[in-house]
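Asks: okay, here's the prediction I keep looking at, along with the sequence it came from:
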Number of protein chains: 2
Amino acid sequence: MTRTHRDPIASSAGSSSGALSRYAAATAAAEQQGSASGDFTLDATEQAVAERLQGMEIDMSAMAVVSNVYRAANALRNHLERTVLTKHGLTWTGWVVLWVIWIWGEIESRHVAAEAGVSKGTLTGVQKTLAAKGLVDRTVHPDDARRVLLSLTEEGERLMAAVFPEFNGVEAWMTTELSGAEKRELARGLRALVQRAEEA
Amino acid sequence: MTRTHRDPIASSAGSSSGALSRYAAATAAAEQQGSASGDFTLDATEQAVAERLQGMEIDMSAMAVVSNVYRAANALRNHLERTVLTKHGLTWTGWVVLWVIWIWGEIESRHVAAEAGVSKGTLTGVQKTLAAKGLVDRTVHPDDARRVLLSLTEEGERLMAAVFPEFNGVEAWMTTELSGAEKRELARGLRALVQRAEEA
DNA sequence: CCGATATCGTTCGGTCCCGAACAAACTTGC
DNA sequence: GCAAGTTTGTTCGGGACCGAACGATATCGG
């Protein structure tokens, strides 16, 4: 993680790596002051982007939003995996699936997939992994032999009860920088994106 | 995608699926009006969450932020894959890697990994895939035999020139709902999260 | 000059991830 | 009641993804 070399990319990257988001940051900063280009000392990445995109009709702010969202999601996920999940032998997706089942108590397979945001093909594998760990039980639906009901084993319940507060504590820590109003604004903007992106 | 069944989960899900984000939405809506709990008709998911978490000390707004960010990232990625990338035989990660190389012209492997936000182990595979498609060239660094320089082939250049405007057009469409100020706020909030999550 | 140390990219094992194809089970129309 | 259509979960192929272990290469200290 410590990048100690001296070439342009690494030095410009510093601790905040990622071309897209640094670019996005500069774009937003420039917009904020209503400035045209040239007023800021762009680092190597932003200069490269600007040169490459010169003459093209590009929506820079849209680009900034998409890349920042994606980057933030990765950062949050990786941090939670590193600080909480890995320690308990869980993956991100496994955790989400477990969480959904925990909330519902007993729930059909297809609903878990929808709630967790994965395809049914993926769920088959994840669920198999969790069952092998002894965290999840499978039952055939009494009224429909196609369906499968998932629920937590006692060990699964114990795990959730132990890990969830810890997980949420890290979530809280990661968002302490934001005020209540900022969190609301953030959520609002994100929901607007989701709505657009998910509309058929 | 059309969920036409009549059970509580599906009907509450509607077109916006995903327990976490619906929950997050309700949380944010409640906050917005400064109300305590009980003033709103919660749907099945939120009721389940509320019941499950009753008595636990949970930071709901932090939970809402994390789940919304993750959900939005997935929605944006899936939509861009479906509408733009798949058509050109590209995956999301392949696209990001290609983009980084396109911007830099010629760049060392390790930098591509850092900029694209993947591990070096992952990059080896992605790069191999792109090279097999004839989109990327590999050269050994003249001064250091350990390093590998990546660049686009002519076909890679052609592809980027053709696909990037299309990609950005969809990005623009997905963010049209947001005003300039909203986009800036969004980017600001997300960067705050990234900073926290990435700090060692 | 040469051993200790650091860095770069690859390999490997395990998991995730999707869409397409599929079989089994249910529902609907006639 | 049964053929046609739909839904559910599985399987499969191709790819992404990470961390750990590794070999090759480079650098630093003496």
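Replies: Received the coordinates, thanks. Numbering: from 1, shown residues only, chains lettered A, B, ... in the order given.
Asks: what does chain A put close to DNA strand C?
Replies: A:2, A:4-5, A:91-94, A:117-122, A:125-126, A:129, A:143-146 (Cβ under 7 Å from any atom of the strand). In short, each C-beta sits where N, CA and C put it, glycine included.
Asks: which element is the residue lying farthest from the centre of chain A on?
Replies: Here chain A reaches farthest from its C-alpha mean at A:Asp143, the gap being 36.7 Å by Cα atoms, centre = their mean. Using DSSP states H and E, A:Asp143 falls within no helix or strand.
Asks: how about the residue most central in space within chain A: what's its closest non-neighbour residue?
Replies: Nearest residue to the geometric centre of chain A (Cα atoms, centre = their mean): A:Ala73, 2.8 Å. Excluding the flanking residues, the one nearest A:Ala73 by Cβ to Cβ, 6 or more residues apart in numbering or on different chains is B:Ala73, at 3.4 Å.
Asks: quick check: the one you found vs A:Asn68, distance?
Replies: 10 Å (Cβ to Cβ, to the nearest Å).
Asks: do the same with A:Val148
Replies: 38 Å.
Asks: interface residues of chain A facing DNA strand D?
Replies: A:78, A:81-82, A:108-110, A:113, A:120-121, A:123-125, A:127, A:138, A:144, A:146-148.
Asks: what segments of chain A are helices?
Replies: A:8-13, A:19-32, A:44-53, A:60-80, A:92-104, A:109-116, A:120-132, A:154-174, A:180-198 (DSSP state H).
Asks: neighbour-wise, which of A:Val148 and A:Asn68 wins?
Replies: More crowded of A:Val148 and A:Asn68, by other Cβ atoms under 10 Å in any protein chain shown: A:Asn68, with 29 against 17.
Asks: mind checking how far the residue in chain A that chain B sits nearest to is from DNA strand C?
Replies: Nearest residue of chain A to chain B (Cβ to the nearest Cβ) works out as A:Ala73 at 3.4 Å. Distance of A:Ala73 to DNA strand C, given as Cβ to the nearest atom of the strand, to the nearest Å: 11 Å.
Asks: then A:Phe164?
Replies: 17 Å.
Asks: check A:Lys87 too.
Replies: 15 Å.
Asks: same check on A:Ala64?
Replies: According to Cβ to the nearest atom of the strand, A:Ala64 and DNA strand C sit 25 Å apart.
Asks: just give me the neighbour total for that residue.
Replies: 26.
Asks: how about A:Arg196?
Replies: 17.
Asks: pretty sure it sits against B:Leu178.
Replies: No: A:Arg196 lies out of contact with B:Leu178 (Cβ atoms under 8 Å); the separation is 9.3 Å.
Asks: so where's chain A uncertain?
Replies: A:1-43, A:200 (pLDDT under 70).
Asks: mark which of the residues of chain A next to DNA strand C are buried, thanks.
Replies: Among the residues of chain A next to DNA strand C, those buried by neighbour count (16 or more other Cβ atoms under 10 Å in any protein chain shown) are A:Thr93, A:Gly94, A:Gly117, A:Val118, A:Val126, A:Thr129.
Asks: which one of these is nearest to DNA strand D?
Replies: Distance ranking of these against DNA strand D, using Cβ to the nearest atom of the strand, places A:Val126 first at 9.5 Å.
Asks: sorry, back to before: between the helices of chain A, which gets nearest to B:Ala62?
Replies: Closest approach to B:Ala62 among the helices of chain A (Cβ to Cβ): helix A:154-174, 4.1 Å.
Asks: quick one: the closest one to helix A:60-80, angle?
Replies: 130 degrees (axes from the mean of the first three to the mean of the last three Cα atoms, to 10 degrees).
Asks: so is helix A:154-174 next to chain B?
Replies: Yes: shown here: helix A:154-174 in contact with chain B (Cβ under 8 Å from any Cβ of the partner chain) through A:Phe164, A:Pro165, A:Asn168, A:Gly169, A:Glu171, A:Ala172, A:Trp173, A:Met174.
Asks: packing partners for that helix?
Replies: helix A:60-80, helix A:92-104, helix B:60-80, helix B:180-198 (3 or more Cβ pairs under 8 Å, 6 or more residues apart in numbering or on different chains; DSSP states H and E).
Asks: check which residues of the second one are buried.
Replies: Meaning helix A:92-104. A:Thr93, A:Gly94, A:Trp95, A:Val96, A:Val97, A:Leu98, A:Trp99, A:Val100, A:Ile101, A:Trp102, A:Ile103, A:Trp104.
Asks: just those residues now: which is nearest B:Gly189?
Replies: A:Val96 (22.5 Å).
Asks: pretty sure that closest one sits against A:Thr122.
Replies: No: contact status for A:Val96 versus A:Thr122: not in contact, 11.1 Å apart, counting by Cβ under 8 Å.
Asks: related to what we said a few turns ago, the residue nearest to the centre of chain A: what's it in contact with?
Replies: By Cβ atoms under 8 Å, 6 or more residues apart in numbering or on different chains, the contact set of A:Ala73 is B:Val69, B:Tyr70, B:Ala72, B:Ala73, B:Asn74.
Asks: make sure the first one is actually in contact with B:Arg191.
Replies: No: taking Cβ under 8 Å as the definition, B:Val69 is not a contact partner of B:Arg191, at 11.9 Å.
Asks: of those two, who's got more company?
Replies: Using other Cβ under 10 Å, the more surrounded residue of B:Val69 and B:Arg191 is B:Val69, with 30 against 21.
Asks: distance of the residue of chain A closest to chain B relative to A:Gly55?
Replies: Counting by Cβ to Cβ, the gap from A:Ala73 to A:Gly55 is 32 Å.
Asks: how about the contacts made by the closest residue to A:Asn68 other than its chain neighbours?
Replies: Closest residue to A:Asn68 apart from its sequence neighbours, by Cβ to Cβ, 6+ apart: B:Leu190 at 4.3 Å. For B:Leu190, the contacting residues are A:Asn68, A:Val69, A:Arg71, A:Ala72, A:Leu186, B:Val69, by Cβ under 8 Å, 6+ apart.
Asks: need the max-distance pair from those residues.
Replies: Farthest pair in the contacts of B:Leu190, by Cβ to Cβ: A:Arg71 and A:Leu186, 14.3 Å.
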